[in-house]
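1. Below are the sequence and a predicted model; questions follow.
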Amino acid sequence: MITLSLPSPAQPLLPPSSKTLNPSRQNIIPPSDSRKNPNFEPLKNRLIRQLDVGHLRHAISTLDLMTQQNAPPDLTTYSILLKSCIRFRNFQLGKLVHRKLIQSGLELDSVVLNTLISLYSKCGDTETARSIFEEMGSRRDLVSWSAIVSCYANNNMEWQAICTFLDMLELGFYPNEYYFMAMIRACSNAKYSWIGEIIYGSVLKTGYFEADICVGCELIDMFAKSSGDLGSAYKVYEKMPERSLVTWTLMITRFAQLGCARDAIDMFLDMEFSGYAPDRFTYSSVLSACTELGLLALGKQLHSRVICFGLALDVCVGCSLVNMYAKCAADGLVDDSRKAFDRMPAHNVMSWTTIITAYVQSGECDKEAIELFCRMISGEQVYAYAVKLGLASVNCVGNSLISMYAKSGRMEDARKAFDILFEKNLVSYNAIVDGYAKNMKSEETFLLFNEIAATGIGINAFTFASLLSGAACIGAMGKGEQIHGQLLKEGFESNQCICNALISMYSRCGNIDSAFQVFDQMEDRNVISWTSMITGFAKHGFAARVLEMFRKMLKTGTKPNEITFVAVLSACSHVGLISEGRKHFNSMYEVHGIVPRMEHYACMVDLLGRSGHLVEAMEFINSMPFMADALVWRTLLGACRVYGNTELGKHAAEMILEQEPDDPAAYILLSNLHASAGQWRDVAKIRTSMKEQNLIKEAGYSWIEVENTVHRFHVGDTSHPQAWEIYRELDQLAAKIKEMGYIPDTDFVLHDVEEEQKEQFLFQHSEKIAVAYGIISTTPSKPIRIFKNLRVCGDCHTALKYISMATEREIVVRDSNRFHHMMNGVCSCNDYW
C-alpha cells in the first residue's frame, strides 16, 4: 500500500527558486569560430525554413553543410531539429540527429536532454529514455520529470510512472499541469484508478483544474477508461470552467462508446446550441450513436451537413456512414451503405469489414460480399510491402495486419503478424485474442490471456469481453468464472459491454440462472443486454420467460433489433407456439419497421416444420419475397427427417445442392432420411456419391469441462486416460436404465447391421461417454454439463433422461440447436425438439 501526500496550495505552484536545478542555457554557447563565421546565421535560417515546411532530410543536409563550412550548429539548432523530428513523427531521423549531436562534442543542456527523452518515449524506446533521464543528475528540472513520467504513462508502464512521481515529490519538486496530465494518464485503468482519484483531489486543490482545459479532458478520459464511470466523467465535465471543441467531442465519444448513445446525441445538440462547430471526430461519434439507436433520419441529416462542411471524404466519418446505412436500412438493402463506401477516397480494415458484413447479413448478396473480400485480402501485397520496408513490426501497421487476417478467418497468418511485432501493446493482444475467440480457438485465447498477465501490460474491457466469448464458445464455465473473478478485481463489474458478455457466457455455458443474475443487477441496459438475455432463455427452451422478457423490453422503450426477433421466433419454435410466432413475425415490419431477413424466414419454417406442418412450411417458402437460401431448405429437410417425409425431403435436398453443391450436410440429412425409412440402397447411392466428390461428413463429438480442463470425446473413443473406468460406468448405467424401462431406439443407428450391434453402437455415442466421465469425475451435487457440436440423437436424449433419474444428477446438454436440462427423468424441452 502506498500513501500519496500531494501539495495543496490555493494557487498553481511553480518550483521554489531554491530548487531550480537546471543550469542556465546562457552558460553553454556555440564556439566562438562558429559565431564569427559569416555562413552560420544564413545556414541556420535556411535550416529553420526547411523545417517549417517539413523538409527534414534537406534540413539534415544543411546541418552537415554547416559542419563542412566550419560553422558548426549550436544547441539551439539541434534542439529545433529534434523537436521537428518529433512533430513529424520521423523518429529514425531524430535518432540520427542524436548521433550527430553526440559527435559534435557539445555539452548538452536540460532543454536538449528533455527533448531526447520525449523522442525516445514517442518511439517506444523507454530504456534509452530512462537512461538519459538518470544520467542527467543535477540537470533534471520539472520538464525532465514530466517527460519521463509521460514516457512511462504512454508506454504501459503505469507503476513506474507512479513511483517516479513519488520520487519527484520527495526531492521537493512541485507538479505542474503537464505533470498532472501524465499522472492522470497513468491512472486511466482499473488497477490504479484509486490513485487517480487522489490526483484528482490534488488537481482541484492546486488550481490546475481551472488553469488548463487539457487537465479536465484527461480526467474525463480517466474515469471513462478505468471503470466506464460516465457519471464521474460527466461531473468533471460540468465542473470545467472552460470547454473547447475537444472537451465536447471527448464526452460525446465516450457516451457513444460506452452504451449511452442517447446521451451522446443530447450532448451533441447542446454543443451546437453552445456555438461550437463539430469536427470529423465529433461527427464520427454522433453517427455511431445514431446507428446504435437506429435513428436513420437523424443520421441522414448529419450526412448532409458532413457533405456541406467537406468532411464526407474523411476515413473516420466514412466508416461511420457505411456502418450506419448498413445497420439502419429499413428494407435490409445495402445500396446506401455501398454508395457511402464507394465515395471514400481511402479504406481501412474497419470500412472493408463493415461493408462485407452488411452484404452477408442482407441475406442475398453473398456474391458481392465475396468479391469485396477478395479485393480486401489483396492487402497481402500490402503485407509483403510492409515486411520489405520493415514496417510489419511497427505497432500500428502490425495491429492492422492482425485484424485483417483475423477477420478473414486466417488465424495462422494473424499469429505470424502478431509474432513479428517488435513490441506488442494492449491493442496487439486484443486483436489476436479477439481473433482466436471469434474463430473458435479458445485454448489459444486463454494461453494469450496468461501471456498478457505476465507482461504486465494490463487488461481492458475489450480484452475481458473477448476472453468471455472464448469461454462461451467451448462451454468452459470454470474459465469463465475465473475471468469473472478477475474482472471484478479490476473494477469492471459495472461495465455494460462486460455485463453483456457475462450474460452470453453464462447462458451459453448452461448456467442460465447466473446469466439472469448478471442481467438483473445491471443498472444500465441496452438492446444488446436485453437481446443476450432473451437469446439465453430461448436457447434453454424457456419460451414463457422469453416472451415475458420481450414485453418488459418494449415497455422500457428499448427498440428490438433483428437478432432480438431471431431469439423470440426461435423460442416459439422450440415449444410449438405457431400463432404467437406468426404474431411476432408480422409485427417486425408492421410495428417495428424491421424487414424480415433470411434467418427470420428460416425460424418460421422451423416453427411450422417442428410442429409437423410440412406442407404449410413449403407454402410459406414459396411465398417468400426472395429466393430461399440453403439455410431455409436445410431447416425444412431436418423437419422432413423427423416426420419421415421422404418426398418433400428429397426436394429440399435438391434445392440445397443446387445452391451449395459441395455441402456434405445436405447429403447426410438425406441419407439419414432414407436410412430411417430402411431404404438402404438409396443410402448406399448417396454415400457413394459423397466418396466420389470427396465430401466428408463433419465428425460428431462431445466435450465436458472438469477442473478447468476440457475433455473431448468422439464416438467409440478409447483414447482418454480413464477410458476403462468410463466404459465400466457406461455398462453399469446401461444395466440400471434398462431395468427402469429404457429401450434402445435402434432407428437412430443409420447402418444396415444386426440389432445387437446397433445397441452397441448406441452406447458408444460421444454424449453418453461424456456423461459417464462426468459422473465419475464430479461431485454428486454439481450438474453435469456436456456440449455437442451436432444435434443430440433421439436415443441419447432418452437415455440421458433415464440416467438423470438413475443417478439423481442434473444433466445439462448443449447441442447445435439448444439446451436440454434433464432432472429426475424429465427434460426441459418436454421431448419437443
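-> It's in.

2. Would you state the helices of the stretch 701-833 of the chain in chain order?
-> 723-739, 755-762, 766-777, 794-807 (DSSP state H, counting those that start in this stretch).

3. Need the residues that contact the longest one.
-> Counting contacts by C-beta atoms under 8 Å, 6 or more residues apart in numbering, the residues outside helix 723-739 that touch it are 717-718, 720, 763, 768-769, 772-773, 775-776, 799, 802-803, 805-807. For glycine as for every other residue, the C-beta is placed from the backbone atoms N, C-alpha and C.

4. of all the residues you listed, which two lie farthest apart?
-> Pairwise distances across these (C-beta to C-beta) peak at 27.7 Å, for the pair Thr718 and Met805.

5. For these two, indicate the residue with more neighbours.
-> Met805 (19 against 12; other C-beta atoms under 10 Å).

6. Comparing the helices of the stretch 701-833 of the chain, which comes out most buried?
-> By mean neighbour count, with neighbours taken as mean count of other C-beta atoms under 10 Å, helix 766-777 ranks first of these at a mean of 24.

7. show me where pLDDT drops low in the stretch 351-500 of the chain?
-> Under the criterion of pLDDT under 70, the regions of the stretch 351-500 of the chain flagged as low confidence span 363-367, 370, 373-374, 376-398, 422-423, 440, 442, 453-458.

8. can we see that at 80?
-> Low-confidence segments of the stretch 351-500 of the chain, defined by pLDDT under 80: 353, 356-410, 413, 416-430, 434-463, 466, 469-470, 473-476, 490-494.

9. Ok, the stretch 51-200 of the chain next?
-> Nowhere does the stretch 51-200 of the chain drop to pLDDT under 80.

10. Which parts of the stretch 651-800 of the chain are strands?
-> Along the stretch 651-800 of the chain, the stretches classed as strands by DSSP state E, counting those that start in this stretch are 701-706, 709-714, 784-788.

11. Tell me which of these lies nearest to Tyr208.
-> Taking C-beta to C-beta, strand 701-706 is the member of those nearest to Tyr208, at 51.9 Å.

12. Give the partner strands of that closest one in its sheet and their orientations.
-> Sheet partners assigned to strand 701-706 using DSSP bridges are listed as strand 709-714 (antiparallel), strand 784-788 (antiparallel).

13. ok so, going back, right, and the helices of the stretch 701-833 of the chain - which one's nearest Ile48?
-> That would be helix 766-777 among these, by C-beta to C-beta, at 74.6 Å.

14. Now do that closest one against strand 701-706, angle only.
-> Counting by axes from the mean of the first three to the mean of the last three C-alpha atoms, to 10 degrees, helix 766-777 points 20 degrees away from the direction of strand 701-706.

15. Look up how far Trp352 lies from Cys572.
-> Applying C-beta to C-beta, to the nearest Å, the value for Cys572 to Trp352 is 37 Å.

16. These two: which is more packed in?
-> Cys572 (26 against 22).

17. quick one: average pLDDT of the strand or helix carrying that one?
-> Using DSSP states H and E, the secondary-structure element containing Cys572 is helix 562-575. For helix 562-575, the per-residue pLDDT values average out at 90.

18. Output the contacting helices and strands for that helix.
-> For helix 562-575, the elements it packs on are helix 527-539, helix 543-555, helix 578-590, helix 598-610, judged by 3 or more C-beta pairs under 8 Å, 6 or more residues apart in numbering; DSSP states H and E.

19. Just want the angle from the second one to helix 562-575.
-> The reference is to helix 543-555. Using the same axes, to 10 degrees, the inter-axis angle of helix 543-555 relative to helix 562-575 is 150 degrees.

20. Next, the buried residues of helix 543-555.
-> Buried residues in helix 543-555, counted by 16 or more other C-beta atoms under 10 Å: Ala543, Arg545, Val546, Leu547, Met549, Phe550, Met553.

21. what's next to that helix, contact-wise?
-> 530, 533-534, 537-538, 560, 564, 567-568, 571-572, 574-575, 577, 580.

22. Report the inter-axis angle for it versus helix 578-590.
-> Orientation check (the same axes, to 10 degrees): helix 543-555 against helix 578-590 gives 20 degrees.

23. Average pLDDT for helix 543-555, rounded please.
-> For helix 543-555, the per-residue pLDDT values average out at 93.

24. quick one on the thing from earlier: got CSV for the helices of the stretch 701-833 of the chain, with distance to Phe273 and mean pLDDT too?
-> Compiled in CSV, those are given as follows (distance: least, C-beta to C-beta, whole Å; pLDDT from 0 to 100):
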stretch, distance to Phe273, mean pLDDT
helix 723-739, 70, 91
helix 755-762, 72, 61
helix 766-777, 62, 92
helix 794-807, 62, 89
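
25. Correct me if wrong: Ile534 contacts Phe565.
-> No - because the distance of 9.6 Å does not satisfy C-beta atoms under 8 Å, Ile534 is recorded as not touching Phe565.

26. which of the two has more neighbours?
-> Counted by other C-beta under 10 Å, Ile534 and Phe565 do not tie: Ile534 has more neighbours, with 28 against 24.

27. That one and Leu293, how far apart?
-> In this structure, Ile534 and Leu293 are separated by 19 Å, where distance is defined by C-beta to C-beta.

28. For Ile60, find the nearest of the helices and strands packed on helix 562-575.
-> helix 527-539 (52.8 Å).

29. contacting residues around the closest residue to Lys441 other than its chain neighbours?
-> Counting by C-beta to C-beta, 6 or more residues apart in numbering, Met411 is the residue found nearest to Lys441 once chain neighbours are left out, at 6.2 Å. Met411 makes contact with Tyr405, Gly435, Tyr436, Asn439, Lys441, Glu444, according to C-beta under 8 Å, 6+ apart.

30. ok, back up a step: need the overlap of contacts for Ile534 and Phe565.
-> Going by C-beta under 8 Å, 6+ apart, no residue sits against Ile534 while also sitting against Phe565.

31. Buried residues in the helix or strand hosting Ile162, which are they?
-> Element membership for Ile162, per DSSP H and E: helix 158-170. For helix 158-170, burial by neighbour count (16+ other C-beta under 10 Å) applies to Glu158, Gln160, Ala161, Ile162, Thr164, Phe165, Met168, Leu169.

32. any idea which of the strands of the stretch 651-800 of the chain is most buried?
-> Each of the strands of the stretch 651-800 of the chain was scored by mean neighbour count; the highest is strand 784-788, a mean of 25, by mean count of other C-beta under 10 Å.

33. His303 touches Val317, doesn't it?
-> No - in terms of C-beta under 8 Å, His303 does not count as a neighbour of Val317; the distance is 9.0 Å.

34. burial measure for Val715, as a count.
-> Around Val715 there are 15 other residues, counting by other C-beta under 10 Å.

35. right, I mislabeled it, should have said Asn323
-> Using other C-beta under 10 Å, Asn323 has 26 neighbouring residues.

36. pLDDT value on it, please?
-> The per-residue confidence score, pLDDT, reads 87 for Asn323.

37. just the strands in this protein please.
-> With DSSP state E as the definition, the chain shows strands at residue ranges 701-706, 709-714, 784-788, 811-814, 819-823, 826-827.

38. Which one, of these, ends up nearest to Tyr120?
-> strand 709-714 (44.8 Å).

39. Please work out which residues outside the closest one touch it.
-> Strand 709-714 is contacted by residues 443, 474, 476, 699-705, 720, 766, 769-770, 773 when judged by C-beta under 8 Å, 6+ apart.
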